[in-house]
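Sequence first, then the predicted structure:
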Amino acid sequence: MSPRTAEHMTWHQSHDAVEGVMVHPSDEEVWKHFNSVHPHFSAESRNVRLGLCTDRFNPFGSFVAPYSFWPVILTVFNLPPEMCMRSEFMFLSIVIPGPSSPGRNIDVCLQPLINELTQL
């Protein structure tokens, strides 16, 4: 990580939130709830907080072909809004291929990633 990026990794703790306006996930109640449930983790503002998202992608450009990819992307939520959604801070972690959606079995597909993140 570059020194320029590192200086922004504590932004989520030091920014001034406006009541009733969400500009970053740290403005939400769920973030505050996580902090209260895990005070040891939240005490160090440099601990990395990640967002995980996935969505279906058809590599053939139409929904006629019975095949899809499900990319799993991790985003660093420590960074300010103008940085955390930039491509250099979004990491393609897994691609789940298949003829249909993983559905309820997505936890099986995500387990290796969760295990690796737990080790980190």
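Thanks, I have it.

residue contacts, Pro102?
70, 96, 108-109 (Cβ atoms under 8 Å, 6 or more residues apart in numbering). Bear in mind the C-beta positions are built from the backbone N, C-alpha and C, glycine included.

go again using 7 Å as the cut-off
Counting by Cβ atoms under 7 Å, 6 or more residues apart in numbering, Pro102 touches 70, 96, 109.

Likewise for Phe60?
For Phe60, the contacting residues are Tyr67, by Cβ under 7 Å, 6+ apart.

Over to the one 10 residues further on?
Contact criterion Cβ under 7 Å, 6+ apart gives 54, 56, 96, 101-102 as the residues in contact with Trp70.

quick revisit: pipe the contacts of Pro102 into a markdown table and attach pLDDT and distance to Gln119 per row.
As requested, the contacts of Pro102 are exported to a markdown table (pLDDT from 0 to 100; distance: Cβ to Cβ, whole Å):
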| residue | pLDDT | distance to Gln119 |
| --- | --- | --- |
| Trp70 | 87 | 23 |
| Ile96 | 88 | 21 |
| Cys109 | 87 | 18 |
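
Which elements pack onto the helix ranked longest in the chain?
Secondary structure assigned by DSSP state H gives helix 106-119 as the longest helix of the chain. Applying 3 or more Cβ pairs under 7 Å, 6 or more residues apart in numbering; DSSP states H and E, one finds that helix 106-119 contacts strand 90-98.
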